[in-house]
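S.K.: got a structure for you, letters missing:
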RNA sequence: GGCGGCAUCGCCAAGUGGUAAGGCACGGGUUUGCAAAACCCGCAUCCCCGGUUCGAAUCCGGGUGCCGCCUCCA
């Protein structure tokens, strides 16, 4: 089977057919770096990572580009277009810092989180602010071709009327757009739907020189300019969150195709938003989680990752802490099987025919699910069934090795089984360590009453004690 | 008003014409000093009403409910 993905443009499942044989070029809409990345952001980035991993595993030469939006888009509390206060500027004012510093700071947090959640590194993370000249060039091309016009002293706008395809991605064609409903009509624009490519505003903190005056770029042009620079005017896959479909991606198409650089992206893949406790995540509702919030609660990167990739990307996922806890149990079971297999691998034993056949067919089923529009849930079903079977069979030697190979194959996509624990366990207090030592002694003396009492005491102190065949271990209760 | 999506066990979630994967939770076991972990057993006829078909969760028609986007938002 070959990889199929749901193409938002065609609204149908499509086989991925590379433009250049054996190569996939992909552009992912990345983070806007003016606040801590939250689980919703990462659901979308993880979808892109999954895609990246599948394409890698299928043997394509992959180029993955993820942009960093550090210009800060504008807030539009009452008025649309480039007239609100820039988010970065707002932060800068609140935090008393330079907007560039703030952007770099959050950019670093994004990269840290991405690493902690085991995302493969993209081949480049171009920043918008590093590509102002490219954006200016593209705007000039648009003006030349009649797709854009300057309003002196105000900026440059894209002439939506001039672009027939406008609306092809979102269905928001000019006829469908409810003129003026949420857009304050600005007389200086030819049409209310025209969007800013360059904006002049003296008060803006981030400014660059341009042929139209000192100002800053509109908020769609960066992706058109950077995707063109790094991937060419026509490339295979473009991803983003569903909210990007309109206006962002619609405008990108208009800019890229309009400027004549190429046909732009062939396949558009969009991740649905996630809900938290059944509602849209928002700070005021108190159901807002950043990745770092979850780390503070004691979750490992692979647990968070597993939970966020666990449901289909085109399905509105409902995130709950209870669900995360359950997912954590599920992934721990797989990881402990991995440990058992690793321990048994050195024994000398040959793999049974039955085992080899099972693993082979499981692997095929797993791949088929993944190829079918990234059906992770289906793939995990296959994995879990094998995990249960392997847990029962307890293969050793060669068999364990082959089982591990199967797990590794799955984990090339999942990225949750063979990755390491995030941070070394911090030290326990002297008191707790003392209790643990006392309990060891009590168990040797078969003083079960004392041993149980100490275990309870440790539990109250937030330490879980487990006696296994390999000895006693402790872990933090979260 | 326009565009799009969804409705399967307590919760999460596969399945797209052949008679309901999987995970978590739960109940009963094996094991364990007890417990944990692991393993075994059990646990749904698919929002409603019509229709097509030998056969539908899956296709068609009509309801009902929920959600996203329509220039901040992954």
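M.R.: All right, it came through fine. Please read all numbers here as calculations on a predicted model, not as lab measurements.
S.K.: Could you tell me which residues of the stretch 151-300 of chain A lie near RNA strand B?
M.R.: A:170-172, A:176-178, A:181-183, A:192-193, A:195, A:219, A:240-248, A:271-275, A:278, A:280-281 (CB under 7 Å from any atom of the strand). Backbone N, C-alpha and C define where each C-beta goes, glycine included.
S.K.: and the residues you listed, which are buried?
M.R.: A:170, A:172, A:177, A:183, A:192-193, A:195, A:219, A:240-241, A:243-245, A:247-248, A:271-272, A:274-275, A:281 (16 or more other CB atoms under 10 Å).
S.K.: could you check the distance from the closest residue to RNA strand B within the stretch 301-450 of chain A over to residue A:411?
M.R.: Residue nearest to RNA strand B within the stretch 301-450 of chain A (CB to the nearest atom of the strand): residue A:381, separated by 2.3 Å. Taking CB to CB, to the nearest Å as the measure, residue A:381 falls 16 Å from residue A:411.
S.K.: Kindly confirm my reading that residue A:438 is in a strand.
M.R.: No: using DSSP: H, G, I helix; E, B strand; the rest coil, the secondary structure at residue A:438 is helix, not a strand.
S.K.: Is there a neighbour count for it? I'd like the number.
M.R.: Other residues within reach of residue A:438, judged by other CB atoms under 10 Å, total 16.
S.K.: Could you see whether RNA strand B lies near the one helix or strand residue A:334 maps to?
M.R.: According to DSSP states H and E, residue A:334 maps onto helix A:321-344. Yes: against RNA strand B, helix A:321-344 shows contacts by CB under 7 Å from any atom of the strand at A:322, A:323, A:325, A:326, A:327, A:329, A:330, A:332, A:333, A:336, A:337.
S.K.: how about that helix: buried residues?
M.R.: Applying 16+ other CB under 10 Å to helix A:321-344 flags A:321, A:323-324, A:327-328, A:330-331, A:334-335, A:337-338, A:340-341, A:344 as buried.
S.K.: Find the nearest non-adjacent residue to the residue of chain A found nearest RNA strand B, please.
M.R.: Nearest to RNA strand B in chain A, going by CB to the nearest atom of the strand, is residue A:241, at a distance of 1.3 Å. Nearest non-adjacent residue to residue A:241, counting by CB to CB, 6 or more residues apart in numbering: residue A:44, 4.4 Å away.
S.K.: just to revisit the earlier point, just send the buried residues of helix A:321-344 back as TSV, with pLDDT too.
M.R.: Formatted as TSV, these follow (pLDDT from 0 to 100):
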residue	pLDDT
A:321	89
A:323	90
A:324	93
A:327	94
A:328	95
A:330	96
A:331	96
A:334	97
A:335	96
A:337	96
A:338	96
A:340	94
A:341	96
A:344	94
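S.K.: Output those residues as a markdown table; include the columns distance to residue A:55.
M.R.: Below are those laid out as a markdown table (distance: CB to CB, whole Å):
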| residue | distance to residue A:55 |
| --- | --- |
| A:321 | 33 |
| A:323 | 29 |
| A:324 | 28 |
| A:327 | 25 |
| A:328 | 28 |
| A:330 | 26 |
| A:331 | 24 |
| A:334 | 24 |
| A:335 | 26 |
| A:337 | 28 |
| A:338 | 25 |
| A:340 | 32 |
| A:341 | 28 |
| A:344 | 33 |
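S.K.: packing partners for the helix holding residue A:334?
M.R.: Here helix A:321-344 touches helix A:301-309, helix A:376-393, helix A:397-414, going by 3 or more CB pairs under 8 Å, 6 or more residues apart in numbering; DSSP states H and E.
S.K.: Out of those helices, which is closest to residue A:106?
M.R.: Nearest to residue A:106 among the helices and strands packed on helix A:321-344 is helix A:301-309 (18.6 Å), distances taken as CB to CB.
S.K.: can you map out the helices along chain A?
M.R.: Under the criterion DSSP state H, helices of chain A are mapped to A:39-57, A:87-95, A:99-116, A:132-144, A:221-231, A:250-258, A:291-296, A:301-309, A:321-344, A:353-371, A:376-393, A:397-414, A:430-444, A:448-460.
S.K.: Which one, of these, ends up nearest to residue A:154?
M.R.: Nearest to residue A:154 among the helices of chain A is helix A:132-144 (13.9 Å), distances taken as CB to CB.
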